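In: Predicted model and sequence below, questions to follow.
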Amino acid sequence: MPALRTPSISFVNLKGGVGKTALAVNVAFALAEWYGRSVLLVDIDPQFNATQHLLDESIIVKGLKGKTIKDILDPPPPTMPVGTGKKKKKKAPRPSPRRFLREIEVADGSLHLLPSLLDLSFVNRNPQAQHGRLEKYLHEIEDDFDIILIDCPPTISILTMAAFNASRYYVIPVTPDYFAPIGIPLMEEEVEYFLGNLHADTAEMQPLGIVFTIVDQRWHANWEDVANRVKGATEIEVFDTHFSHSKRWRDCAPKHRPVYEEERSGTQRRQLEQFMEEFMERLETAESERAE
Ligand SMILES: Nc1ncnc2c1ncn2[C@@H]1O[C@H](COP(=O)(O)OP(=O)(O)OP(=O)(O)O)[C@@H](O)[C@H]1O
Ligand SMILES: [Mg+2]
């Protein structure tokens, strides 16, 4: 299958709770509202935290069953028409691939979500599920979007493989804990394994960078030492911007809004603005190198 034409970026780390979802959701809002882009955010985590951040509980409970990423990766078997079969029935029109997407209200640009639910975990125990199906699906709708972001679960499974398969780039959010320098080479090894063994010819997946998140001077007093050890342990570039610990990141989720709405001016907004500048610059550079 040819690679996607629309740039796609996974937010990945094998460690949980490092801010992958918070960052993916907020970058999605920023790309739409600050940069006027048409954004698709793919939630491929059975914990469905990105989905909970963006959609009302009532929609999640009542309206998502059968209309999530699970149904793309592991579709129900086609139902056979009942009857003698004498009269040939007219074929039903093919349902729109956009039926899985939810539009999120934004001030500018556009933001759509491909949601997830808990039953996405079942995909892992179904040998019929195929990790190539996400990319195949995205091919059908990608022309409606300028950029695709994918929020990954913290473990390696067919779900992460599906995300890797559909990703041109990846960002690694990292909390500056003592063990961070050990985790990143493992993450790189996993990506190398994927590229080398599963998709040597077609897959491409380049790192856009490592970003330090949830940095709290109380717990991470020596975090700059950790950052230097990380830089020594990998060739992946570290973003200059980091994200400080702030309860505002947690507070914005139940409101289904981005962190920058929690404050008019302040650290969280400024850090996201700086990160977005770096992110766009790296993305544009990588895209123009790719086009050469
Ligand atoms: N900069 C921050 N300061 C404080 N809390 C944060 C920050 N970023 C994210 N959080 C909070 O930390 C928790 C973990 O973040 P998040 O869910 O984004 O991590 P994750 O890497 O996606 O986790 P998982 O691996 O389980 O999917 C969430 O409650 C989130 O609101
Ligand atoms: Mg998450």
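Out: Structure's in. What do you need? Ligands and ions are numbered 1, 2, ... in the order given.
In: ok, the spatially closest residue to E262 that is not a sequence neighbour - contacts?
Out: Nearest-residue entry for E262: R248, 4.0 Å, with adjacent residues in sequence omitted and distances by C-beta to C-beta, 6 or more residues apart in numbering. Every residue, glycine included, has its C-beta placed from N, CA and C. Taking C-beta atoms under 8 Å, 6 or more residues apart in numbering as the criterion, R248 is in contact with V259, E262, E263, Q268.
In: Do any residues in the helix or strand hosting the last one lie close to ligand 1?
Out: Secondary structure from DSSP states H and E places Q268 in helix 267-291. No - Helix 267-291 stays clear of ligand 1 (C-beta under 6 Å from any ligand atom), getting no nearer than 7.4 Å.
In: in that helix, what counts as buried?
Out: Neighbour-count burial for helix 267-291, with 16 or more other C-beta atoms under 10 Å as criterion, is recorded at Q268, R269, Q271, L272, F275, M276, E278, F279, R282, L283, A286.
In: could you redo the residues you listed as a markdown table and give each row distance to T79?
Out: Output for the buried residues of helix 267-291, formatted as a markdown table (distance: C-beta to C-beta, whole Å):
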| residue | distance to T79 |
| --- | --- |
| Q268 | 49 |
| R269 | 50 |
| Q271 | 50 |
| L272 | 46 |
| F275 | 47 |
| M276 | 46 |
| E278 | 49 |
| F279 | 44 |
| R282 | 47 |
| L283 | 43 |
| A286 | 44 |
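In: And the residue nearest to E262, its phi and psi?
Out: The phi and psi torsions at R248 (degrees, to the nearest 10) take the values phi -60, psi -30.
In: And Q130, by the same measure?
Out: The phi/psi pair for Q130 (degrees, to the nearest 10) is phi -130, psi 130.
In: thought it was touching P75?
Out: No - with contact defined as C-beta atoms under 8 Å, Q130 does not reach P75; the gap is 10.2 Å.
In: Please say which of these two ends up with more neighbours.
Out: Q130 (16 against 12; other C-beta atoms under 10 Å).
In: which residue packs closest to that one, ignoring adjacent ones?
Out: Nearest to Q130 is L73, by C-beta to C-beta, 6+ apart, at 7.3 Å.
In: which non-adjacent residue is nearest the residue of the stretch 1-150 of the chain found nearest ligand 2?
Out: Residue nearest to ligand 2 within the stretch 1-150 of the chain: T21 (3.2 Å; C-beta to the ion). Once flanking residues are discounted, T21 sits nearest to N49: 4.4 Å by C-beta to C-beta, 6+ apart.
In: What spatial separation is found between the one you found and I60?
Out: 12 Å (C-beta to C-beta, to the nearest Å).
In: Same question for N126.
Out: Look at N126 and I60: by C-beta to C-beta, they are 23 Å apart.
In: what does the stretch 51-200 of the chain have sitting close to ligand 1?
Out: So the stretch 51-200 of the chain meets ligand 1 at P154 (C-beta under 6 Å from any ligand atom).
In: and the end-to-end length of stretch 171-178?
Out: The straight-line separation of the ends of stretch 171-178 (C-alpha to C-alpha, to the nearest Å) is 20 Å.
In: oh, and call the first residue 741 from now on, that's how I've got it
Out: New numbering, starting at 741: the last item is stretch 911-918.
In: State the mean pLDDT of it.
Out: Per-residue pLDDT values across stretch 911-918 average out to 92.
In: and it, which residues are buried?
Out: Burial within stretch 911-918, assessed by neighbour count using 16+ other C-beta under 10 Å, is assigned to V911, I912, P913, V914, T915, P916, D917.
In: Make sure the second one is actually in contact with S750.
Out: No - if you go by C-beta under 8 Å, I912 and S750 don't touch, sitting 9.4 Å apart.
In: Now tabulate the contacts of R988 in CSV and tack on pLDDT and secondary structure.
Out: Output for the contacts of R988, formatted as CSV (pLDDT from 0 to 100; DSSP: H, G, I helix; E, B strand; the rest coil):
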residue, pLDDT, secondary structure
V999, 97, helix
E1002, 92, helix
E1003, 85, coil
Q1008, 95, helix
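In: List the contacts of the nearest residue to K755 once chain neighbours are set aside.
Out: The shortest distance from K755 to any non-neighbouring residue, by C-beta to C-beta, 6+ apart, is to G923 (5.4 Å). Counting by C-beta under 8 Å, 6+ apart, G923 touches N753, L754, K755, V914.
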